[in-house]
Each structure stands twice: as structure tokens, then as C-alpha cells.
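Colleague: With the input below, show me the fold.
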Amino acid sequence: MVVGQNEDLSCLDKLVNVMCKISYDNAPSEVVKKAKECLADFVAIFSEGTRKPESINLRRALGDRYIMTHAEDAALWMGSTARMLDIDDGHRFAMAHPGVAINAAAIAMAITLPDVSGKKLLEAIIKGYEVYCYQGRVINPSAYLKRGVDATCVCGAGAAAITAGTMMGLSSTQIADAISLAASLAGGLNQSAIDGSAQKYLVAGWGAKLGIAAANLAKYGLGGPSHVFEGRLGFCNAFSPEPNIEYMQNPALNWDILNVYLKQYACVRRIHATLDAVRTIVEREKLDVSQVKQVKVLGGQFLYDAGSYRPKDMAQAQTSVPYAVAIYLKHRDVTDDLIHESLHSEEIAAISDRVTVIKDEEMVNLTKKDSSLWGAAKVVLSTVNGQEYTETKICPDGDPESPFPAGVIREKFMVLGQKTLGVDGSEKLWKEISSLEEEPYAGKLFLQLVAKI
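Modeller: From the prediction side, this is the model:
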């Protein structure tokens, strides 16, 4: 398939033409800064995630001795590992988690392609986010909410394909073939949000692995359908009952990485606005968990569906509003370690019983007007002495509308990274990623990282 300049271009050709306009040199400074921030966030989460038994077992399953010499398997391990903590980045409009697939593919390729510069790595990451968000904005929220599709892999595969293809120096025709193949072969369901299971995090690594495989196949002339997105049996009709046709037909350069959110709680994003509201109340009123009688969480259907109790595993626990609120009330934080330690805690279970999730007409109507506000919440907290406090949070902290204060992501990087890399090692790596554009051989940074794990 040849990317041309005529009115009969497929949506794929239009998208690739837009991607060809992106280079490190023409990317706005705030876009480059965000790309480095997202990469650093991924690196810290990945390094922390390698301590988990699931990550260790996955590495063994893939072949511990050989994993870092095979980019596809390295990406599968890194992407899945970074997803395990559920504190990786996401996109409110495209939904799910672009960074785990994109950054895993980027690092895996950098390790196996020793001549890739920091500038080329950043360019590839920026293109990856742009492709992910194009696909995600077209199929979501209906793909997630009505079909149970996890965009982390479904959109992450095409994003990883252009990330890998850019680093490999593929032509525009080969890039188009890589994206098409990845979009045609991708999959991933969200049943784990109900049942739990390893599938929740494996889809992230699988998308990264598939993207690299697609780029390698495209290099040798193997491609997918030219109308992979808009075709009757193509990507958008297959994955979404209500695709955004106008957006699909008119790809544009949005620098959509600027709309990516970063996380501070180790649970699904739909719970974060609730936790922000709870935090505001308890900090403002200086409340202790013993003073809390009841917490009502009013939200739309998507938040209401997360009102489960007594999670059986980590995946279920990370998707439970009552459980997450209970951990926050007890510990003033929601981390992977706290979730794991509290999984069968009778005390946390008892606190969870004080939390009720209610489907609220006001919030339902809000999400009808703007479907991206699926996590908006109104929290009503009652105390044992009869006081009642209300706080509404529409967009969680970390979203563009409510950005974190300066230094929060660096602090997160240091907290997560130092357990594996040490304080000095984390500080050194943060500085190296912050000046990545100056590095002629980006892979050596990440070889040093993996060597310490």
C-alpha cells in the first residue's frame, strides 16, 4: 500500500500521512517534556513491578536467560509488569492505558537496536501516543462499556507498531502495513474487571509484543488490509457498536500525549475522582477512620459497576470502590503493597461495608452530556457524631483539567524506583531521562536498568 495525496485515501493512509509530519525537531517543547515524563513514569512503575511474583513468573515463562535479546518477549514482560501495579498512565477520552504498550515497545527496541538516539526514541513515543489516541477516541467509550474491549491491547498494538517501526527506520508504506497488521490481529477483553485474573495485565505486554512483531513483518513486505479502520469488517465496526465516524475519517495532529493522565493511586482510574473527594473531606475536616460512619459514592453507571465487595484477587481489588475507599480511610494512600496486604483483612472488609456506591441521576446525565466523565463522583461522608460532608470531583487529579503540582511525578519516580535502583541510581536515571535528547545511544540507559533487576 502506498501512502499518497488524493481524495480517495483510506483512513489508515490519512493517519500515516499525519504521523509523517511528526519529528523530534518539530514537536512542541511541552510535548517532548510530557513524553519524557511518561517514559520516566513507566520506568519507575516497571522497576517496582519486577519485585512482584507475577512478574518473576512471567519472566521465567518467557525464558529468563534469553528475554532481553528478544525484543518481542522483552516488551511482553515489561508491558505486563508495569500494568500489574495499576498505577500506569491513561487517557480519559481514548480510555485504557497507552503508556505500558508504547514505552515497553520503545525500551525493548532501544535495547536491541544500539544505534537509536534519544531524539529518535522520543519521536517514536510521541507517534505511539498519537496513534493510540486516534484509535481509542474512535472506538471508545462504547468499545469498553458495551463490548468489554480493553483498548490497552486493541489500540496499544497499533501504537507499539509505529513506535517500533519508527525506531527501525521503516518507510511510510511499511509503517502503514505495520499499523494495519497490528490493528487486524489485536484483541483483549475486560472480563478480568469482574473475575480478576492475569489477563488484566497481560493485555498490555501482548499489545507491545504484537506491535513489534507487526513492524518486523512489515519490514519484509507483509501487510494488513488497506481499509483496516473503516472497512465493514474492520477495526472500528468490530470493536465498537458506536464508533466516532467523523473522527475516524479525519485524522489530525493533536499532540494527544498532552491529554494523558498520570496516576497516584494503585487502582482503576474510575475510582480516582472518588478517592480525591474522600481525601479532600478527611484532610479538610481532619477526620480519622474511626470517626467515619458512612460513605456514599454517587456516580454514573460505570462507577456504580465498580461497587463490588470482598475481592478475591488483586485485579478485583483494584476495581472495587468500597475496597479502595476503605484502604484510603485506613492508610491515607492506596498502593499496590497496601492492596496486597489488605486483601483478606477483616478490618478493611468492615470499613468497606460502610461504603455504598449509588447510581445517581445527576451523574448519569453528566456522563450522557460528556461520555469522557465516566469516573465523576459525588461523595457524601457521614460521621459518628452526626456531621455530613459533601464533595464533588468531576476530573481526577492528574488530568489536564486538574494537573498535579510540580514535582509530584518526580517524587513518585523516586519512591518507586529506589526500591530496586537505590536512591542514587533513581536520581541518576531521572536526570538521564530528563536529558534523553542528548543521548546518542538510548539503549544503554535501559540496559543499565535491566541489569540491576
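
Colleague: Contact partners for the residue lying closest to I102 once chain neighbours are set aside?
Modeller: Spatial nearest neighbour of I102, chain neighbours left out: G128 (3.7 Å); criterion: CB to CB, 6 or more residues apart in numbering. The C-beta positions use only the backbone N, C-alpha and C, and glycine is treated the same way. Contact analysis of G128 by CB atoms under 8 Å, 6 or more residues apart in numbering lists P98, A101, I102, A105, A106, A159, A160, I162, T163.

Colleague: Tell me where the model's unsure across the protein.
Modeller: Per-residue confidence for the chain (pLDDT under 70) gives these ranges: 1-7.

Colleague: what ranges do the strands span in the protein?
Modeller: 90-91, 260-261, 292-299, 355-359, 377-383, 388-393 (DSSP state E).

Colleague: residues of the fourth one that come out buried?
Modeller: Across strand 355-359, burial judged by 16 or more other CB atoms under 10 Å covers V355, V357.

Colleague: Give me the helices and strands touching that strand, please.
Modeller: Taking 3 or more CB pairs under 8 Å, 6 or more residues apart in numbering; DSSP states H and E as the contact definition, the neighbouring helices and strands of strand 355-359 are strand 292-299, helix 301-304, helix 321-331.

Colleague: Turn the strands of the chain into a markdown table, including distance to N17.
Modeller: Output for the strands of the chain, formatted as a markdown table (distance: least, CB to CB, whole Å):
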| stretch | distance to N17 |
| --- | --- |
| strand 90-91 | 22 |
| strand 260-261 | 23 |
| strand 292-299 | 40 |
| strand 355-359 | 44 |
| strand 377-383 | 41 |
| strand 388-393 | 40 |
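
Colleague: Could you check the ones you listed and tell me which one is nearest Q316?
Modeller: Each of these was checked against Q316 via CB to CB, and the shortest separation belongs to strand 355-359, namely 14.8 Å.

Colleague: For that closest one, what is the distance to the chain centroid?
Modeller: Remark: strand 355-359 is offset 26 Å from the chain centroid, using CA atoms, centre = their mean, to the nearest Å.

Colleague: sorry, back to before: pick the most deeply packed of the strands of the chain.
Modeller: When the strands of the chain are scored by mean count of other CB atoms under 10 Å, the highest mean neighbour count falls to strand 90-91 (a mean of 25).

Colleague: From the rest of the structure, what touches it?
Modeller: Counting by CB under 8 Å, 6+ apart, residues outside strand 90-91 touching it are 96-99, 132-133, 136, 256, 259-261, 263, 269.

Colleague: how close does S308 sit to W255?
Modeller: From S308 over to W255 the distance is 37 Å, taken as CB to CB, to the nearest Å.

Colleague: Please give me every residue in contact with the nearest residue to G207 once chain neighbours are set aside.
Modeller: Take G207 and drop its neighbours on the chain: the residue closest to it by CB to CB, 6+ apart is G156, 3.2 Å away. G156 makes contact with 79, 96-98, 100-102, 132, 186, 203-204, 207-208, 211, according to CB under 8 Å, 6+ apart.

Colleague: same check, this time on M248
Modeller: Under the contact definition (CB under 8 Å, 6+ apart), the residues listed for M248 are C11, V138, F229, E230, C236.

Colleague: for L189, same thing?
Modeller: L189 sits next to G148, V149, D150, Q199 when contact means CB under 8 Å, 6+ apart.

Colleague: Tell me if I'm right that the second one and Q191 touch.
Modeller: No: in terms of CB atoms under 8 Å, V149 does not count as a neighbour of Q191; the distance is 10.7 Å.

Colleague: So which of those two has more stuff around it?
Modeller: Set side by side, V149 and Q191 show unequal neighbour counts under other CB atoms under 10 Å, the larger going to V149 at 25 against 12.

Colleague: how near is that one to R137?
Modeller: Distance, V149 to R137, by CB to CB: 14 Å.

Colleague: same deal with L39?
Modeller: In this view, L39 and R137 are 22 Å apart by CB to CB.

Colleague: Next: P28.
Modeller: Using CB to CB, one obtains 20 Å as the distance from P28 to R137.

Colleague: Could you do Y220 as well?
Modeller: With CB to CB as the criterion, Y220 and R137 are 31 Å apart.
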